[in-house]
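Colleague: this is a predicted model, with the sequence first.
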Amino acid sequence: MPTSPTTTQPVAVPLCVDLDGTVLRSDLLWESFVRLLRRNPLYLFAALAWWCRGRAALKRELARRVDVPVETLPYTEALLDFLRAERAAGRPLFLVTASDARLAEPVARHLGLFTEVLASDGQTNLRGNAKARKLVERFGPAGFDYAGNSAVDLGVWPQARAGIVVNASPALARRAARVTTVSHTFGSAPALARALWTALRPHQWVKNLIVFVPLLTSHRLLDRAALAGAAWAAAAFCLCASAVYILNDLLDLDHDRQHPTRRLRPLASGQLPLAVGLALVPTLFAAGLLLGLAWSANLALVLAVYAGLTMAYSWRLKQVPLLDAFLLAGFYTIRLVAGHAATGVAYSVWLLVFAMFLFLSLALVKRFRELQGLRQRSQTNAAGRGYVTDDLHLVAALGTSSGYLAALVLALYVNSQEVRALYAHPTLLLLGCPLLLFWVSRVWLVAHRGAMHDDPVVFALRDWASYVVGALMLGIIWLATGW
């Protein structure tokens, strides 16, 4: 009986894919480390002890203590689309990573693409040459293709049949092409300088102009020595404030990645490495404190208080409803105190009380906008904040009341003894009360209609009415002085 001819199908060459920086636009070592520090910053000392036992041991100890939510991690979507097509064509895919297996396997299960996971196990750090040896032992020389993203992968690509370059700089892509045949290229290295500049949030530095307010209210804007002190304080606060923003972004990674706009922030999106963010926080704080100390011990003390309170806020206190808003208002008021400390202008109780009420209103606007966004997305709780959407109306009532109390303080100040020493026509200052009431009411009206930016300071910088009100207020102050 004749037999039918048989057809031998070619065996697909396995595709081995790196995880950190390749499938992910982040690194699971740093993802887990940040989450451990968020739980308790004192884990830093334990991590140093684990690291002394080797990187593999460090990764295993972190993996034992931390669960990383794989659903919200920043993935390289173009590469995933390619891998899905390869998988559908019957090609075996292997996830090969230096991350610990306890963290890598949940990623593989979530993606549902990989035949097997080869990862660090607490003893061997599967990176560079160790990874190359493992793959050669498993598949033989040139028996696999390899997708990677960093210079470390230059030790693996020569052993592969072909290489795939992902999220790499043009220079690295050229180096990879010299040691292997590059079959595909996906993405490019993020623009680190631009991501770093964005993470510093320079648009927020406008808040530090508050340090000049004591000079304005004491009519010493032409005092060069005092102006120099205020400028010095503003520069120091720019450094410290940027450290705070980066720290908050690190500790809020999971929450930010679930937010429609904050997920695009450099750290949350993987444009800025978490290791860079972790290094920047102490560096910026130290630079700000040293800059303040170079001017005066009093300014350095105010900056140290600000740094301590903001770190406590970032780790724990922002989770306490209402207390978080009072602290945010306090951070603005501390800038006023710094202005006094740097310039030698005598403290004004009227100014500090006025600022407290006005800044509390703005802080509550920020929380109101967040709660409003949660309600629009049909969510109940503000993750990591301690609020629920039912608090929306209470927050609005407290915020508007606080803003109106600031106008009341201004009105009472006009009738005080202190005002007569500074103004020739103090009654004119009463014209500022309706302007302030209008501006506060407008801010809350815009927020109520859902048109408020996540940050009311950014809103004010883009709002024409805010500029008009500000110019009119300055004009009233100028007329009241009798110049």
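Modeller: Good, I have the coordinates.
Colleague: what strand or helix carries T185?
Modeller: strand 182-186 (DSSP states H and E).
Colleague: residue contacts, the residue nearest the centre of the chain?
Modeller: For the chain, the residue nearest the mean C-alpha position is D249 (2.5 Å; Cα atoms, centre = their mean). Counting by Cβ atoms under 8 Å, 6 or more residues apart in numbering, D249 makes contact with A199, D256, R265, P266, L267, A268, G277. C-beta: built from backbone N, CA, C; applies to glycine.
Colleague: if we go to 6 Å?
Modeller: Under the criterion of Cβ atoms under 6 Å, 6 or more residues apart in numbering, the neighbours of D249 are R265, L267.
Colleague: quick one: what helix or strand has it in it?
Modeller: helix 224-251.
Colleague: go on, Y404?
Modeller: Applying DSSP H and E, one finds Y404 within helix 392-414.
Colleague: pull the lengthiest strand in the chain out as CSV, backbone CA atoms only.
Modeller: Using DSSP state E to define each element, the chain has its longest strand at strand 93-100. Backbone C-alpha positions of strand 93-100 (Å, rounded to 0.1, in the frame of the first residue of the first chain) are rendered in CSV as follows:
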residue,chain,number,x,y,z
LEU,A,93,8.5,32.9,23.5
PHE,A,94,10.7,32.9,26.6
LEU,A,95,10.8,35.7,29.2
VAL,A,96,14.4,35.9,30.2
THR,A,97,15.2,38.4,32.9
ALA,A,98,17.5,39.4,35.7
SER,A,99,14.5,40.2,37.9
ASP,A,100,13.6,37.7,40.5
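Colleague: tell me which helix or strand comes right after the strand holding T185.
Modeller: Counting by DSSP H and E, the element that comes right after strand 182-186 along the chain is helix 192-200.
Colleague: in that following helix, what's buried?
Modeller: Buried residues in helix 192-200, defined by neighbour count with 16 or more other Cβ atoms under 10 Å: A195, L196, T198, A199, L200.
Colleague: is the third one in contact with A268, as I believe?
Modeller: No. Distance between T198 and A268: 11.4 Å, which falls outside the contact criterion (Cβ atoms under 6 Å).
Colleague: so which bits of stretch 111-131 are buried?
Modeller: Buried, per 16+ other Cβ under 10 Å, within stretch 111-131: 111, 113-114, 117-120, 122, 125-128, 130-131.
Colleague: apologies, that question was intended for stretch 221-235.
Modeller: Buried positions in stretch 221-235, judged by neighbour count with 16+ other Cβ under 10 Å: D223, A226, G229, A230, W232, A233, A234, A235.
Colleague: can you count the residues close to the spatially closest residue to L392 that is not a sequence neighbour?
Modeller: In space, L392 comes closest to L371 once its chain neighbours are excluded; the distance is 4.7 Å by Cβ to Cβ, 6 or more residues apart in numbering. L371 is flanked by 24 other residues according to other Cβ atoms under 10 Å.
Colleague: repeat that for C16.
Modeller: 28.
Colleague: tell me the bridge partners for it.
Modeller: On the basis of DSSP bridges, C16 takes part in beta bridges with F94, Y146.
Colleague: contacts only, for it.
Modeller: Contacts for C16 (Cβ under 6 Å, 6+ apart) come out as F94, V96, L135, F144, Y146.
Colleague: what pLDDT does it get?
Modeller: Confidence per residue is given as pLDDT, and for C16 that number is 97.
Colleague: can I get the buried residues of helix 192-200 in TSV with pLDDT?
Modeller: Output for these, formatted as TSV (pLDDT from 0 to 100):
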residue	pLDDT
A195	94
L196	95
T198	94
A199	95
L200	95
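Colleague: out of those, which is nearest to D391?
Modeller: Using Cβ to Cβ, A199 comes nearest to D391 of the buried residues of helix 192-200, at 30.0 Å.
Colleague: could you find the closest non-adjacent residue to that closest one?
Modeller: What sits nearest to A199 in space, not counting adjacent residues and going by Cβ to Cβ, 6+ apart, is P266, at 4.5 Å.
Colleague: now what about the next helix or strand after the helix holding Y404, what contacts it?
Modeller: Beyond helix 392-414 on the C-terminal side, the first helix or strand identified by DSSP H and E is helix 417-420. Applying Cβ under 6 Å, 6+ apart, the contact partners of helix 417-420 are Y413, P426.
Colleague: keeping just the C-alphas, turn the very next helix or strand once past helix 417-420 into PDB.
Modeller: Along the chain past helix 417-420, the next helix or strand (assigned with DSSP H and E) turns out to be helix 432-448. Only the C-alpha atoms of helix 432-448 are listed here, as PDB (Å, rounded to 0.1, in the frame of the first residue of the first chain):
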ATOM      1  CA  GLY A 432      -9.600  94.600  47.400                       C
ATOM      2  CA  CYS A 433     -12.300  92.700  49.300                       C
ATOM      3  CA  PRO A 434     -14.800  92.400  46.500                       C
ATOM      4  CA  LEU A 435     -12.000  91.600  44.100                       C
ATOM      5  CA  LEU A 436     -10.800  88.800  46.300                       C
ATOM      6  CA  LEU A 437     -14.400  87.500  46.900                       C
ATOM      7  CA  PHE A 438     -14.900  87.500  43.100                       C
ATOM      8  CA  TRP A 439     -11.700  85.600  42.500                       C
ATOM      9  CA  VAL A 440     -12.400  83.000  45.100                       C
ATOM     10  CA  SER A 441     -16.000  82.600  43.900                       C
ATOM     11  CA  ARG A 442     -14.800  82.300  40.300                       C
ATOM     12  CA  VAL A 443     -12.200  79.600  41.200                       C
ATOM     13  CA  TRP A 444     -14.900  77.500  42.900                       C
ATOM     14  CA  LEU A 445     -17.400  78.100  40.100                       C
ATOM     15  CA  VAL A 446     -14.900  76.800  37.600                       C
ATOM     16  CA  ALA A 447     -14.200  73.900  39.800                       C
ATOM     17  CA  HIS A 448     -17.900  73.100  40.300                       C
END
